[in-house]
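# Sequence first, predicted model second:
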Amino acid sequence: YCGEWIESHALHIHLLAAPYFLGYSSAPAMAEQYPDEVRRGLYLQGLGNEIVRMLGGRSVHPVGVKVGGFYRAPTWEQVSNMRTKIGDALPLAEELVRWTASLGLPDNDQDFINVALRHPDEYPFNEGSLVASNGLDIPISDYEQHFEEFQVEHSTALHSHLNGQPYLVGPLARLNLNLDLLPTLVRGNLESTGIEFPSRNMFHSLVARAVEIHYALVEALRILDEYRLPDDSPYVPVQPRAGIGFGCTEAPRGLLWQKWHLNQAGEVNSTRIVPPTSQNQARIEEDLRLSLEAMGLDNSDEALQLRGETVIRNYDPCISCSVHFLNLKVNRKMGNGVVRILADVQTDAIPFWDSIRKIESVKSVHVQYHPTLNLLFHII
């Protein structure tokens, strides 16, 4: 996960998010004025891929992991070379945290529930209990007793609630709930920025990603320092048997929960996987509504459109859904002052707030979000 966090977060910060905070339409356009920053992002992304490739055989959809361990162990030469590269990257990561904090991120204070793993001894990757900012602290096997997945009329994607409420998973939630578990070096660098955590500002998720890049590099270096070549095999034998198993890890975008039913031969009879993007669906909709109401619908079409895009992008729902453009189909129902606006992602951005401005009195906006980027606005 160290490599995956580094790769995913570096791509999001430098290529998907930063250009828009700095007023550019894309990373190539940003590179004209910020070449060093873009090069830093590409270098860190490449380093994350190299870490995954060293252990997994390839950087995307690794094939080197098996039940009980790995098919092949890294050589001393590979480990030594990787240690050098990670050590060289640490100053870049420290600088990145300070740089993201200096971007002039919008002030957008909201009250939301944070959910993440928490381990008593370390910042969470693969182990720990499920905790939340509302006081929840349960083993991962109790997930289904507190979290509910449900369908909504406007979407084919499942939404999730914790005890009937939307919640946040991902870098900001992890940092909010595990700040005290950061290594001294990483926490000190964060504190030097002046941004206070825990934070209720989703735009601070950009800083949280930078902090996690720094942490992942420090942790990867620690693991490599303790690496020893296996005496025999890089995996331990596993005897198949029937049973029910639970798993929960912290993917780059947040909590990834799993439940597996195995038969006596060790074959999967059924499984349930709850990915982080689907868990954030309800929180994204809530954030859109609150953010647009707080910003004010009297802003320009371009400003409102940009805010809607950046709000969704904070959650990094997936690379293909990272909200660069909106193309609108408008369906109006002129009754009780309600207008419905359906937005789909296409290749061109079309200003869509003209229909809102035609309404004499707009009191509130309710926004629904779909992972293929369907936005349904109820303007009242």
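Great, that's in hand.

# Could you tell me the end-to-end distance of stretch 262-276?
24 Å (Cα to Cα, to the nearest Å).

# How about residues contacting that stretch?
Residues from elsewhere that reach stretch 262-276, judged by Cβ atoms under 8 Å, 6 or more residues apart in numbering: 143, 147, 149, 160, 169-170, 238, 240-245, 251, 253-261. Just so you know, the C-beta spots here come from the backbone N, C-alpha and C atoms, and that holds for glycine as well.

# try 7 Å
By Cβ atoms under 7 Å, 6 or more residues apart in numbering, the residues outside stretch 262-276 that reach it are 149, 160, 169-170, 240-243, 245, 251, 253-261.

# hmm, which of those residues are the buried ones?
160, 169-170, 251, 253-259 (16 or more other Cβ atoms under 10 Å).

# Let me know the closest of those residues to Thr310.
Gly170 (15.6 Å; Cβ to Cβ).

# quick one on the thing from earlier: please convert the buried ones among the contacts of stretch 262-276 to a markdown table, extending it with distance to Thr310, pLDDT and secondary structure.
Below are the buried ones among the contacts of stretch 262-276 laid out as a markdown table (distance: Cβ to Cβ, whole Å; pLDDT from 0 to 100; DSSP: H, G, I helix; E, B strand; the rest coil):
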| residue | distance to Thr310 | pLDDT | secondary structure |
| --- | --- | --- | --- |
| Ser160 | 23 | 95 | strand |
| Val169 | 19 | 98 | coil |
| Gly170 | 16 | 97 | coil |
| Ala251 | 22 | 95 | strand |
| Arg253 | 17 | 95 | coil |
| Gly254 | 19 | 96 | strand |
| Leu255 | 23 | 96 | strand |
| Leu256 | 25 | 96 | strand |
| Trp257 | 28 | 97 | strand |
| Gln258 | 31 | 97 | strand |
| Lys259 | 35 | 97 | strand |
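
# which one of those residues is nearest Asp121?
Among the buried ones among the contacts of stretch 262-276, and counting by Cβ to Cβ, the member closest to Asp121 is Leu255, at 19.3 Å.

# so Val97 touches Asn189, yeah?
Yes: with contact defined as Cβ atoms under 7 Å, Val97 counts as touching Asn189 (5.4 Å).

# So which of those two has more stuff around it?
A side-by-side neighbour count of Val97 and Asn189, using other Cβ atoms under 10 Å, places Val97 first with 24 against 21.

# Could you check which helix or strand contains the more buried one?
helix 76-101 (DSSP states H and E).

# hmm, back to that, who touches both of Val97 and Asn189?
With Cβ under 7 Å, 6+ apart, Val97 and Asn189 have common neighbours His214.

# Could you report the neighbour count for the residue nearest to Asn314 when sequence neighbours are not counted?
Once flanking residues are discounted, Asn314 sits nearest to Met202: 4.6 Å by Cβ to Cβ, 6 or more residues apart in numbering. Under the neighbour criterion other Cβ under 10 Å, Met202 is assigned a count of 26.

# and what of Pro183?
A count of nearby residues for Pro183, using other Cβ under 10 Å, gives 15.

# for the one 4 residues further on, same thing?
Other residues within reach of Arg187, judged by other Cβ under 10 Å, total 17.

# just Ala31 next, same as before
19.

# wait, what's in contact with it?
Per Cβ under 7 Å, 6+ apart, neighbours of Ala31: Val38.

# Quick check on it: phi, psi?
When read as degrees, to the nearest 10, the backbone of Ala31 gives phi -60, psi -20.

# Then Ser129?
phi -100, psi 160.

# Helix or strand with the lowest mean pLDDT in the chain?
The weakest-scoring helix or strand in the chain, judged by mean pLDDT, DSSP states H and E, is helix 354-357 (a mean of 35).

# Without its sequence neighbours, what residue ends up closest to Pro317?
Thr277 is the one closest to Pro317 (Cβ to Cβ, 6+ apart), at 4.9 Å.
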